[in-house]
Each structure stands twice: as structure tokens, then as C-alpha cells.
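Novice: Quick one: sequence plus predicted model below, questions after.
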Amino acid sequence: MNIVGPNDAQCVVDRLQIRRDNYPNFHIEYKLDDKVLNAIFWANETAKENYSKFSDVIATDATYRTNRYNMIFVPFTSINNHDKTITVGAGFLSDETIESYTWLLRAFLKAHEKIHSMILSDMDPTLYKKKIIILQVVFNEGDMTIHYSCKHFQFYGILYCHCFRVLLDNDIFKIPEIYILDRWRKNIVDVSYQKLLHRWGEGNTETSNLLHEASSYYEKCVDSVAHDLGKLQELIQSLKTLSIECENNVVTKPNTNPTKEIVENVVGLHIPNEIDIEAPSRTL
């Protein structure tokens, strides 16, 4: 039985709006065409955090149509400090017109509230053949800065090899903090944004918030004893004891809910009988 039926577009928008109401940093935009959902864009807290740190170059690929309404899925992605693909936003479009993409890009910029320069360069190796490059390097010991003619750090965010030679010649064996950009740091993204439970979809919002809070306390405990073997063993033993207590004390209630109530509990909202937003018609 199709419980959601023609209400699925309404349910999607309602679910995202509930998320926005409970998490102010969550962003959603959608567009209707005579009550029919024509386009939608969203960026959750993790996506916005990713964009704030790794927005040097943004890639998008509008080739996915594997959904019942044949809408175009448009993910916005980037690369993080571990050279892994990360998501900074996503949307669905009913068509690939200039107007639709204009709307989507405006929604993307509105969500992130800032624009970064994106530089794409095809570095042809032949440009460097048979050339002699004279590098001028000036080291300021006072503020630990290096001024050099190749501008490698300004372009790529990484010191060039001759800079390390200059540092070693001045008995400096640690890279100055000014040259360690945030994007290369292990802890650039707050640990709470990296946790599975922080991703939406755990049912009702109250349960989701409590799950996230419980996960955060667990992570804090682990982080605080990570470098103390004895304390770490004590924490593991405490968690084992707590796990046994939870299993013994929690009573599992029999599942007597009708199918509709089960679906509503999974998606975290009431499936409306009357709708204001209709799903697009199916197309091949």
C-alpha cells in the first residue's frame, strides 16, 4: 500500500521546514509552478560548515535522474583537507533551463551568504620547458614570514620547497603557524558536524535532538581520555556496565501501530490529508 501517495512532495517540504525550524543554520528554498513543486534546494549544517572551510572550488554534476518524477538531482561538492569529496548543498530541478539554473545558483549563494573566487587552471608542462627561474626569497625572523617571487603559497596554500630550505638555514624546524591554513588542519570541522547522529532522519525532532546530545557527551568523554590508557580502559568498562543496565531496564513495547503511524514515525511528521504542494507529473 502506498501510504504517502500524492502527498510526497508536501511531506518533503514539510520535513525540511521542520528541520529549519529546529536548526536555524539549516537552509531550504523551493519554487512552485501552479502548486506543483518545480525546484528545491537545501543545505544542512554540515554542508554549510564544509563550505565555510573548503569553498575554493565547487563542482556540480547535473546528470542524475533516477527518481520517480525524473527530476534532475544537482549536488554541489568540494574537496576537504583529507582529499575527500564533501557536499556543500543539493537540489532538484524539473528542467534544465537557464531560469531553473539561475534560481538554483541564487538559492545556493543565499544559503552560504558569501562568494569565493574559483580559479581553474590547466597547467601545461610545456610552459616550463627550457626556462630558467630565478627565485628571490626574503625571510623576516621577527614575524616569521617568507616573501618570495614565485607566489606559490598565495596560489596553492602550500609553501614551496625552497622556503623549507630557508627555514632550516635559520634553525627553524617547525612550519610557522601563519603558513598552516585551516583547510590543512585535522580539527578544522567541529566534531559534532561529523557524527552520524547529527545527520537528519532519525524520526521526530525531539528524539533526534536527544540522540545528538547523547552522542556529543560520548564523544567528549572519549576525547578527554584518548591519550590516557588507564582512563580509556575505565571508560570502556563503565560503558559496558551502562550498556548492560540499559538492556536490562528498557522494556521493548510491542509494535501495534497501524502502517500509517509507523510511516509517520519514520519520516518524523504527520502525513497531511490536504496538501498545498503537489508532486511533479511523472515523465520518461
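Specialist: It's in.
Novice: how about the most centrally placed residue in the chain, secondary structure?
Specialist: The centre of the chain sits closest to A47, judged by C-alpha atoms, centre = their mean, with a distance of 2.8 Å. Using DSSP: H, G, I helix; E, B strand; the rest coil, the three-state assignment for A47 comes out as helix.
Novice: helix or strand for the nearest residue to V88 once chain neighbours are set aside, which one?
Specialist: Nearest non-adjacent residue to V88, counting by C-beta to C-beta, 6 or more residues apart in numbering: Y51, 4.1 Å away. Every residue, glycine included, has its C-beta placed from N, CA and C. Assessed by DSSP states H and E, Y51 sits inside helix 45-53.
Novice: by contact count, what packs against that helix?
Specialist: When contacts are defined as 3 or more C-beta pairs under 8 Å, 6 or more residues apart in numbering; DSSP states H and E, helix 45-53 packs onto strand 85-93, helix 98-112.
Novice: where among those is the average confidence lowest?
Specialist: For those, the weakest mean pLDDT is recorded on helix 98-112, namely a mean of 87.
Novice: ok so, going back, please work out which of the helices and strands packed on helix 45-53 is packed deepest.
Specialist: Looking across the helices and strands packed on helix 45-53 with neighbours counted as mean count of other C-beta atoms under 10 Å, the highest average goes to strand 85-93: a mean of 20.
Novice: rewinding a little: run a quick check on the residue nearest to V88 versus T87, I expect a contact.
Specialist: No - Y51 is beyond contact range of T87, at 9.4 Å (criterion: C-beta atoms under 8 Å).
Novice: Quick one: low-confidence residue ranges for the stretch 151-284 of the chain.
Specialist: For the stretch 151-284 of the chain, the stretches flagged by pLDDT under 70 are 151-152, 154-155, 186-205, 208, 251-259, 262-268, 282-284.
Novice: make it 50
Specialist: Along the stretch 151-284 of the chain, segments meeting pLDDT under 50 span 196-202, 284.
Novice: hang on, the earlier thing: residues contacting the residue nearest to the centre of the chain?
Specialist: By C-beta atoms under 8 Å, 6 or more residues apart in numbering, the residues touching A47 are 87-90.
Novice: got a pLDDT number for T46?
Specialist: Confidence at T46, expressed as pLDDT, is 89.
Novice: so how far is L105 from it?
Specialist: T46 sits 21 Å away from L105, going by C-beta to C-beta, to the nearest Å.
Novice: next one: V74
Specialist: For V74 relative to L105 (C-beta to C-beta), the value is 10 Å.
Novice: before we move on, what about W42?
Specialist: For W42, the distance to L105 - C-beta to C-beta - is 14 Å.
Novice: same deal with A43?
Specialist: Counting by C-beta to C-beta, the separation of A43 from L105 is 13 Å.
Novice: L168 too?
Specialist: L168 is 47 Å from L105, by C-beta to C-beta.
Novice: do the same with C221
Specialist: Separation of C221 from L105 (C-beta to C-beta): 43 Å.
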